[in-house]
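Got a predicted structure here, sequence first:
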Amino acid sequence: MYTLKSTCSTTKARLGQLNTDHGVIETPIFMPVGTLGTVKAVSQDQLVEQIKAQIILGNTYHLYLRPGCDIISEAGGLHKFINWDRPMLTDSGGYQIFSLSENRKLEEEGAHFKSHIDGSKHLFTPENVVDIQRILGSDIMMILDECPPYPSTYEYAKNSMELTHRWAKRGRKQFLETTHHYDHKQFQFGIVQGGTYKDLRIESSKFMADQDFEGIAIGGLSVGEPIPLMYEMADLNTDHLPNEKARYLMGVGTPSNLIECVARGIDMFDCVMPTRNARNGMIFTRYGKVNLRNSKWKEHHDLLDPDFPSDLCNKYSMAYIHHLIKANEIFGLAMASVHNLTFYLWLMEEIRERIKNDTFGEWYPEMSKQLDKKL
């Protein structure tokens, strides 16, 4: 599934390619998050034509609860249901169940939880999350895992990791003993856990590498730990993951985070930050972060970045954008969302080109600092 094409001579950055029946994914790559079958405030046409998204992400927990597996099965799978003909990844819902700490109970069998919609009771097991994702028809499915909170005691992180390992074996067995429902092949990724404890992270990395998943994700980071610690754990994990498989860091992050983690050997990312921040008036640019609600833009009648390919940058004045955002006009929020995703995918393309030309190592430290500036 994954082909390593080249590497950076001075960092762990990798240029690769993921082959799926719905298309080729060039890595490093960022996946826009379409939790409920849609990327918030963004159309599928915009994802393809403006943003240049190669793959999007859906969420098993949310789609299972609404609209439900029956509806999606009747439609012929999630690709047809949402009219998306490019690759798609579905998370297992483990993180969402983790976030429902007051409404869930973890047992060896699986995770019992109450729906956030109507309070109904449900059970996710390593086996049925495979079955659900067979119905969804994603190109890449994730195993069921437990994401420990930060901070966690060593004992909690170890027990949680071992539970994830046992669930991983069951989930892999179910995957290998079942087949796809539609006319395309599916792949399954394992998930490394272990909290922020080095020995557990190494142990989990080696365990997941031994299970012969098609790819391996790094979970349990970006859950409140200091950013340098996140980098340290990601760096440690990739030291112990196989070169011939894709590495996916779940739920990360800012543009600066992405660059820093590519330098540490990560291939794939997802995060709600581009669209969530956009709806709160924060956009990312080549020169730093911009708070569109800031009164400094009220009388700024110039374009933000005339050479950047988004309407927000090259078509409308900052004074107008500021007005739309302050007034919570849907057009402004949608335009900011499209811009942020366009920027993230532009950044990934720039990173790939830098790795290809072997200039990434000298470019990324200063670029990482620049992207983190507040304008």
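Nice, I can see it.

What residues are bridge-paired with Ala111?
Beta bridges link Ala111 to Leu106, Phe124 when assigned by DSSP bridges.

And for it, the neighbour number?
27 (other CB atoms under 10 Å). Backbone N, C-alpha and C define where each C-beta goes, glycine included.

Over to Leu324?
Close neighbours of Leu324, defined as other CB under 10 Å, add up to 20.

again with the one 10 residues further on
Other residues within reach of Ala334, judged by other CB under 10 Å, total 19.

can you check Leu123 too?
Neighbours around Leu123, by other CB under 10 Å: 12.

Return the distance of it relative to Lys114.
To Lys114, Leu123 is 11 Å away according to CB to CB, to the nearest Å.

what does Lys296 give?
Lys296 is 45 Å from Lys114, by CB to CB.

Neighbour count: the two, which is higher?
Neighbour comparison, Lys296 and Lys114: the larger count goes to Lys114, with 15 against 11 (by other CB under 10 Å).

Now Lys5. Nearest residue, chain neighbours left out?
Leu15 (4.7 Å; CB to CB, 6 or more residues apart in numbering).

Helices along the stretch 51-200 of the chain, start to end?
60-65, 69-75, 78-82, 94-99, 126-136, 154-177, 198-210 (DSSP state H, counting those that start in this stretch).

Redo those as JSON lines? Include mean neighbour count and distance to Ser9.
Below are the helices of the stretch 51-200 of the chain laid out as JSON lines (neighbours: other CB atoms under 10 Å; distance: least, CB to CB, whole Å):
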{"stretch": "helix 60-65", "mean neighbour count": "23", "distance to Ser9": "39"}
{"stretch": "helix 69-75", "mean neighbour count": "15", "distance to Ser9": "45"}
{"stretch": "helix 78-82", "mean neighbour count": "19", "distance to Ser9": "39"}
{"stretch": "helix 94-99", "mean neighbour count": "21", "distance to Ser9": "35"}
{"stretch": "helix 126-136", "mean neighbour count": "22", "distance to Ser9": "38"}
{"stretch": "helix 154-177", "mean neighbour count": "18", "distance to Ser9": "34"}
{"stretch": "helix 198-210", "mean neighbour count": "19", "distance to Ser9": "24"}
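
which one of those helices has the lowest average pLDDT?
Mean pLDDT is lowest for helix 94-99 among these, at a mean of 77.

Could you name the helices and strands sitting against it?
helix 60-65, strand 111-114 (3 or more CB pairs under 8 Å, 6 or more residues apart in numbering; DSSP states H and E).

What lies in contact with the first one?
Outside helix 60-65, the residues that touch it by CB atoms under 8 Å, 6 or more residues apart in numbering are 35-37, 72, 78, 90-93, 96-97, 115-117, 122, 124, 129, 132-133, 136, 141-142.

Now find how far off-centre the lowest-mean-pLDDT helix or strand in the chain is within its chain.
Taking mean pLDDT, DSSP states H and E as the measure, the chain has helix 94-99 as its least confident helix or strand, at a mean of 77. Here the centre of mass of C-alpha atoms in helix 94-99, compared against the chain's by CA atoms, centre = their mean, to the nearest Å, lies 15 Å away.

same deal with stretch 252-270?
Computed by CA atoms, centre = their mean, the separation of stretch 252-270 from the middle of its chain amounts to 10 Å.

returning to that earlier point: could you export the helices and strands packed on helix 94-99 as CSV, including distance to Glu362?
Formatted as CSV, these follow (distance: least, CB to CB, whole Å):
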stretch, distance to Glu362
helix 60-65, 41
strand 111-114, 46
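
Which one, of these, ends up nearest to Asp305?
Between Asp305 and the helices and strands packed on helix 94-99, the tightest spacing by CB to CB is seen for helix 60-65, at 34.3 Å.

Contact partners for Glu329?
His323.

run the last query once more with 10 Å
His323, Met335 (CB atoms under 10 Å, 6 or more residues apart in numbering).

And the one 3 residues further on, by the same measure?
Contacts for Gly332 (CB under 10 Å, 6+ apart) come out as 278-279, 281, 292, 312, 316, 320-326.

from the residues you listed, which ones fall inside strands?
Assignment to strands by DSSP state E places none of the contacts of Gly332 there.

Quick check: the residue nearest the centre of the chain vs Thr179, distance?
In the chain, the centroid-proximal residue (CA atoms, centre = their mean) is Asp270; its distance is 1.6 Å. From Asp270 over to Thr179 the distance is 26 Å, taken as CB to CB.

and what of Val338?
On the measure of CB to CB, Val338 and Thr179 end up 38 Å apart.
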